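[1] model the structure of this input:
(one chain, ligands or ions: 2)
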Amino acid sequence: MTKKEITKEVVCEPPRTRLQSIPIMNCPGCHYGIIIRMICEVIEELGIEDRTIGLGGGGCTGFWTMYFDLDMYGGVHGPGLAIATAIKRVHPDSIVFAAQGDGEMGAIGLGYFMAATLRGEKITTIFLNNACFGTTGGQMAPTTLLGMRTTTTTQGRDPKITGFPFHGAELAASMKGTAYSARMSVHTPANRQKAKKALKTAFEKQIAGVGFSIVEFLSACPVNWHLGPKECLDFIENQMIAEYPLGEFKNVDYIEHLSDG
Ligand SMILES: Cc1ncc(C[n+]2csc(CCOP(=O)(O)OP(=O)(O)O)c2C)c(N)n1
Ligand code: SF4
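    Ligands and ions are numbered 1, 2, ... in the order given. This is a model prediction of the structure:
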């Protein structure tokens, strides 16, 4: 009997801009890794890796500064979009993206978010909506669903006490300086494809100098949702999307008094 020859063929390689010496340090089932890879793919497809500067956040996106083979800046919890603004203004030819947790952008950093959208800063925001403060143990975030139990809403979120969920993508879309705003999810392959297209469009708006751009991602946090990775996909499909509809909320190619050209 002759031994069957085994041939190896590379069918999928990691993106160049994903620094392979640093493993992704998320909890199992976290969607941040999928989103990190997507950012790398989009940056490479747009050919902007030599002029991209990324900003990590203050929560679980704090580790993001280590994952990319790009110029990266360590974020602080809250003023991320002010820091991203400064980077862009000092380096106007650069392409700047900022990762923002929902506790970060919707609570401590809400003022910086509003200011950046009001000014129409030509930066791209990646807004991670996992309905809780992930890093610090699953406290209620502005995005926590009504009735959802967290470590600070043990009986379920009650709007009479803690208000209603924060809709970042719709809020950004209502601002004059915003060129592109969308909410996407990566919980199925089809949604991942749509999300990548949206992310690419968001970066293209910045490249064209149109205005502020943002993609909100619904993202699983299995450890704080107390659900398994598969149950998290169902939770996104059945609970999260009911509160946070997916889609584009704004997509314009020119904003008077603001856009380049
Ligand atoms: C100024 C400041 N306040 C509070 C904290 C503590 N802190 C660190 S991460 C975090 C919550 C992170 O939640 P979120 O922004 O939703 O990001 P995630 O961890 O879910 O990615 C908090 C409150 C801090 N690091 N800095
Ligand atoms: S705490 Fe949540 S957001 Fe943070 S790495 Fe773990 S699963 Fe991801």
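
[2] show me the contacts for residue 167.
    Residues near residue 167 by Cβ atoms under 8 Å, 6 or more residues apart in numbering: residue 244. Any C-beta I mention is one placed from the backbone N, CA and C, and that applies to glycine too.

[3] what's the spacing between it and ligand 2?
    Remark: distance between residue 167 and ligand 2 (Cβ to the nearest ligand atom, to the nearest Å) = 20 Å.

[4] per-residue pLDDT, that residue?
    On the pLDDT scale, residue 167 is placed at 98.

[5] what does the one 3 residues further on give?
    What the model reports as pLDDT for residue 170 is 98.

[6] quickly find the element holding it.
    Secondary structure assigned from DSSP states H and E places residue 170 in helix 168-173.

[7] next, count neighbours for the spatially closest residue to residue 19 that is not a sequence neighbour.
    Of all residues not flanking residue 19 in the chain, residue 69 sits nearest, at 4.5 Å (Cβ to Cβ, 6 or more residues apart in numbering). By other Cβ atoms under 10 Å, 15 other residues sit near residue 69.

[8] same question, the one 10 residues further on
    By other Cβ under 10 Å, the residues close to residue 79 number 18.

[9] residue 109 is in contact with that one, correct?
    Yes. Applying Cβ atoms under 8 Å, one finds residue 79 in contact with residue 109, separated by 6.3 Å.

[10] got a list of what residue 69 touches?
    Applying Cβ under 8 Å, 6+ apart to residue 69 gives the contacts 16-19, 49.

[11] how about 7 Å then?
    By Cβ atoms under 7 Å, 6 or more residues apart in numbering, the contact set of residue 69 is 16-19.

[12] ok, residue 97 next?
    Residue 97 touches 39, 54-55, 124, 126, counting by Cβ under 7 Å, 6+ apart.

[13] what subset of these is buried?
    Burial by neighbour count, 16 or more other Cβ atoms under 10 Å: within those this picks out 39, 54-55, 124, 126.

[14] would you turn those residues into TSV with secondary structure, pLDDT and distance to ligand 2?
    TSV is the format used below for the buried ones among the contacts of residue 97 (DSSP: H, G, I helix; E, B strand; the rest coil; pLDDT from 0 to 100; distance: Cβ to the nearest ligand atom, whole Å):
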residue	secondary structure	pLDDT	distance to ligand 2
39	helix	98	16
54	strand	98	18
55	strand	98	17
124	strand	98	20
126	strand	98	13
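
[15] the residues you listed: which two are farthest apart?
    Across the buried ones among the contacts of residue 97, the two members that end up farthest from each other (Cβ to Cβ) are 39 and 55, 11.9 Å apart.

[16] still on that earlier bit, please report the distance of the residue nearest to residue 19 from residue 118.
    From residue 69 across to residue 118, the span is 33 Å (Cβ to Cβ, to the nearest Å).

[17] what pairs with the closest residue to ligand 1 within the stretch 101-250 of the chain across the strands?
    Residue nearest to ligand 1 within the stretch 101-250 of the chain: residue 101 (2.3 Å; Cβ to the nearest ligand atom). Note on residue 101: beta-bridge partners residue 128, judged by DSSP bridges.
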